[in-house]
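Engineer: Let's see this in three dimensions:
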Amino acid sequence: MATLSSSAPDPRAQPAAGGPVETSIRAKLTSTLAPALLTISNDSWQHRHHAAMRTAGGGNGETHFSIEVVSDAFKGKSTMQRHRLIYATLSEELAQGLHALSLKTKTPEELQKAGEAS
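Structural biologist: Model prediction:
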């Protein structure tokens with residue numbers, strides 16, 4: 001049986017609590033947005049083959065995240081404004097190697113409407 005090796009860890013082997021970048025993202029978004037829901041998924045292992053990640057030796061294993069946030073702080077803001085708020089909140093992490101965020105941002109009312117529609 002062949003084994004695959006990579007410089008980024010397999011997500012199944014990652015600790016449930018997350019690493020220092022994920023911990024920082026969670027703390028900053030919680031403090032800034034007081035979210036009703038905050039889901040963070042480390043997707044870095046899926047991008048370890050990208051040229052930039054190979055150059056960085058696979059990165060630190062915390063370069064790509066999917067984030068879902070439900071917060072009243074988004075009321076009256078466009079999607080672009082919501083994303084800018086998150087990027088501004090995480091500017092330090094982005095400057096230190098956080099490479100990409102996939103964001104889903106909703107207000108509690110939008111989440112409720114989406115649930116009713118399905």
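Engineer: from memory Pro108 sits against Asp72, does it?
Structural biologist: Yes: in this structure, Pro108 is within contact of Asp72 by C-beta atoms under 8 Å, at 6.5 Å. The way it works is simple: take the backbone N, C-alpha and C, and place the C-beta from them, glycine included.
Engineer: shared neighbours, these two?
Structural biologist: By the contact definition C-beta atoms under 8 Å, 6 or more residues apart in numbering, Pro108 and Asp72 are jointly contacted by Ala36.
Engineer: Please say which of the two ends up with more neighbours.
Structural biologist: It is Pro108, of Pro108 and Asp72, that has more neighbours when counted by other C-beta atoms under 10 Å, with 15 against 12.
Engineer: residues in contact with the closest residue to that one other than its chain neighbours?
Structural biologist: The shortest distance from Pro108 to any non-neighbouring residue, by C-beta to C-beta, 6 or more residues apart in numbering, is to Ala36 (5.3 Å). By C-beta under 8 Å, 6+ apart, the contact list for Ala36 reads 70-72, 108, 111.
Engineer: Which pLDDT value belongs to the residue nearest to the spatial centre of the chain?
Structural biologist: By C-alpha atoms, centre = their mean, the chain has its centre lying nearest to Phe65, at 3.1 Å. At Phe65, the model reports a pLDDT of 93.
Engineer: Tell me the spacing between it and Leu33.
Structural biologist: Distance, Phe65 to Leu33, using C-beta to C-beta, to the nearest Å: 15 Å.
Engineer: With Asn42 instead?
Structural biologist: In terms of C-beta to C-beta, Asn42 sits 19 Å off from Leu33.
Engineer: what does Lys106 give?
Structural biologist: In terms of C-beta to C-beta, Lys106 sits 12 Å off from Leu33.
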